[in-house]
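*Asks:* when you get a sec, could you give me coordinates for this:
(one chain, ligands or ions: 1)
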Amino acid sequence: MGAIILNGKEVASQWEKKNSLRVQNLKAKGVNICLAVARFNDDEASKVYVRKKVAMCEKLGIKPILIEEEGLDQEKIENRVSSLNKDKEINGIIVQLPLPKGIDKERVLSLVSPEKDVDGLNVFSCGLLYKNMPGLRPCTPSGIIHLLKEYKIDLVGKRAVILGRSQLVGLPIFLMLLHENATPTIVHSKTKDLKNICKEADILIVATGRAKMVNREYVKEGAVVVDVGISRIEGKIVGDVDFEDVFDVAGYLTPVPGGVGPLTIMSLMENVINAASIQAGIKDDA
Ligand code: NDP
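*Replies:* Purely as a prediction, here's the structure:
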């Protein structure tokens, strides 16, 4: 029969409608939302990502401000981010990662105030997540939780295994699943007996960046498998999961592309709208 496909593209398109409506409602109340997207690296993938974010802002009626400056040193990047942070027109700030080699990422990210930290990646935002207090959450993990909820996948008491411990994906999704009352475990490159731990999972989240690493030997019959990975092989985008091999073992499975990716950007848009409405002191239907 095969797995039920977790159609991120479809869920993101519904979410987009909701976000679009919220932008219009806020506009009607005099709140014009503005997002600053700053790219300081010369990374090709980053150039694509910032363009996608700007395009989605324009589609939703959020004003984007795009800053693309390469070759800046630590002080200049910090000055740039500080001035964006002081700008009252700007509701949210993204500092596109990775930052150039030699730049202290934490120092830069900490210059974004928590209420504008729409990537949810600075130390304060991470602390709010750790404590399960309201705040702006990292976008990819939020998108994954949104997807699982849309498909009414019960998380309570479930054994979740997360492959990868990055601050961007693995670690925050671990905390979010814990806050949803799942029982999460993180495995990583130093984990022993990794395959068998993965095979215990009711919910398996894979974020390693290793193309097609996870095959059916890692997957319990009927498990929910979420593939975060994006790799390019011979011009084709593939995930960390060998989709064809896992398809008839998993109960639910995300495709790549069309799975987690579209949700990440929609989650970012929701963060920007939430940030703007909180800053304006307006309660809407978030
Ligand atoms: P990182 O490289 O920061 O982290 C990868 C993690 O996977 C590390 O914890 C690493 O372990 C672990 N890992 C790597 N190889 C293995 C292995 N062979 N066995 C076990 N663990 C392993 O990556 P990110 O978390 O930033 O991203 C992961 C993937 O997700 C990438 O392909 C990225 O492009 C994609 N991505 C997709 C997004 C989307 O919207 N769809 C958003 C963000 C990322 P260790 O810590 O021990 O080194």
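
*Asks:* does V161 touch A201 like I think?
*Replies:* Yes. Using Cβ atoms under 8 Å, V161 is in contact with A201, at 3.7 Å. All C-beta atoms are positioned from the backbone trio N, CA, C, and that covers glycine.

*Asks:* ranges for the helices of this protein?
*Replies:* Counting by DSSP state H, the chain has helices at residues 8-28, 44-60, 74-86, 105-109, 123-130, 139-150, 170-179, 194-199, 243-246, 260-279.

*Asks:* quick one: list the elements packing against the last one.
*Replies:* By that I understand helix 260-279. Helix 260-279 is packed against helix 8-28, helix 44-60, strand 92-95, helix 139-150, with contacts defined by 3 or more Cβ pairs under 8 Å, 6 or more residues apart in numbering; DSSP states H and E.

*Asks:* how about these in CSV, adding mean pLDDT, mean neighbour count and distance to the ligand?
*Replies:* Putting the helices and strands packed on helix 260-279 into CSV (pLDDT from 0 to 100; neighbours: other Cβ atoms under 10 Å; distance: least, Cβ to the nearest ligand atom, whole Å) gives the following:
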stretch, mean pLDDT, mean neighbour count, distance to the ligand
helix 8-28, 98, 17, 9
helix 44-60, 97, 16, 8
strand 92-95, 98, 26, 13
helix 139-150, 98, 23, 4
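
*Asks:* could I get those in JSON lines, plus columns for distance to D245?
*Replies:* As requested, those are arranged in JSON lines below (distance: least, Cβ to Cβ, whole Å):
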{"stretch": "helix 8-28", "distance to D245": "20"}
{"stretch": "helix 44-60", "distance to D245": "26"}
{"stretch": "strand 92-95", "distance to D245": "36"}
{"stretch": "helix 139-150", "distance to D245": "22"}
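
*Asks:* local confidence estimate at K283?
*Replies:* Per-residue pLDDT puts K283 at 82.

*Asks:* excluding sequence neighbours, find me the nearest residue to it.
*Replies:* Once flanking residues are discounted, K283 sits nearest to S277: 7.2 Å by Cβ to Cβ, 6 or more residues apart in numbering.

*Asks:* how many residues are close by the one you found?
*Replies:* Neighbours of S277 under the rule other Cβ atoms under 10 Å: 21.

*Asks:* pretty sure it contacts L26?
*Replies:* Yes. Shown here, S277 and L26 form a contact pair, counting by Cβ under 8 Å, at 6.0 Å.

*Asks:* which neighbours do those two share?
*Replies:* Contact with both S277 and L26 is made by residues D284, according to Cβ atoms under 8 Å, 6 or more residues apart in numbering.

*Asks:* returning to what we had before: show me the one of the helices of the chain that comes nearest T185.
*Replies:* helix 194-199 (6.4 Å; Cβ to Cβ).

*Asks:* and the closest one, what's its mean pLDDT?
*Replies:* Computed over helix 194-199, the average pLDDT equals 98.

*Asks:* then stretch 71-85?
*Replies:* Mean pLDDT, computed over stretch 71-85, is 98.

*Asks:* what does that stretch contact?
*Replies:* By Cβ under 8 Å, 6+ apart, stretch 71-85 touches 36, 38, 40, 65, 67, 69, 90, 93, 95, 99-100, 102-104, 107-108, 111-113, 116.

*Asks:* rerun that using 7 Å as the cut-off
*Replies:* With contacts defined as Cβ atoms under 7 Å, 6 or more residues apart in numbering, stretch 71-85 is touched by 36, 38, 40, 67, 69, 90, 93, 95, 103-104, 107-108, 111-113, 116.

*Asks:* swap in stretch 51-64?
*Replies:* 19-20, 23-24, 27, 32-35, 37, 66, 94, 265, 268-269, 272.

*Asks:* lovely, talk soon.
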